[in-house]
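Peer 1: okay, here's the prediction I keep looking at, along with the sequence it came from:
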Amino acid sequence: MIHLTESAVKAVQTAISGADGTVAGLRIMVEAGGCAGFKYMMGLVNEANPDDQVIQAEGVNIFIDASSYPYLEGTTVDFVVRLDGAGFTFENPNATSRCSCGKSFS
């Protein structure tokens with residue numbers, strides 16, 4: 001299971017309400033790359049893919065493809081505001097290391 005904090009849910013809801021067109025939910029995935037080996041990718045999508053795991057958080061659909069799910073299982077996604085900016089953070093129990101920016105892991 002993947003968990004979104006209240007702050008993350010509100011940030012996604014704000015993005016959805018400001019989006020052009022119909023949005024079915026948020027896609028979270030893992031791709032090869034980044035300075036630590038894998039990187040997190042997120043984006044609003046207008047439909048699920050057939051192999052997606054679908055998770056609901058406070059009325060927000062979260063779509064995770066089958067190949068990304070094992071890397072993300074147990075992850076908590078938060079949205080934080082700091083002096084140096086705002087953005088999503090990932091607390092991933094499957095990561096053995098991560099880069100200093102928190103956007104990639106191994």
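Peer 2: Yep, that arrived.

Peer 1: from here on, just use CA atoms for contacts and neighbour counts.
Peer 2: Noted.

Peer 1: so who does the residue most central in space within the chain touch?
Peer 2: A centroid search over the chain (CA atoms, centre = their mean) returns I28, at 4.0 Å, as the residue closest to the centre. When the contact criterion is CA atoms under 8 Å, 6 or more residues apart in numbering, the partners of I28 are Y40, M41, M42, G43, I62, F63, I64.

Peer 1: filter those residues down to the ones in strands?
Peer 2: Assignment to strands by DSSP state E places the following of these there: Y40, M41, M42, G43, I62, F63, I64.

Peer 1: can you lay out those as TSV showing pLDDT and distance to N49?
Peer 2: Compiled in TSV, those are given as follows (pLDDT from 0 to 100; distance: CA to CA, whole Å):
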residue	pLDDT	distance to N49
Y40	90	18
M41	94	16
M42	95	15
G43	96	14
I62	96	12
F63	97	8
I64	96	9
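
Peer 1: now those residues: which count as buried?
Peer 2: Buried subset of the ones in strands among the contacts of I28 (neighbour count, 16 or more other CA atoms under 10 Å): Y40, I62, F63, I64.

Peer 1: how far away is the third one from N94?
Peer 2: In other words, F63. Taking CA to CA, to the nearest Å as the criterion, F63 is separated from N94 by 19 Å.

Peer 1: again, but for the first one
Peer 2: When CA to CA is the yardstick, Y40 and N94 sit 13 Å from each other.

Peer 1: all good on my end, thank you.
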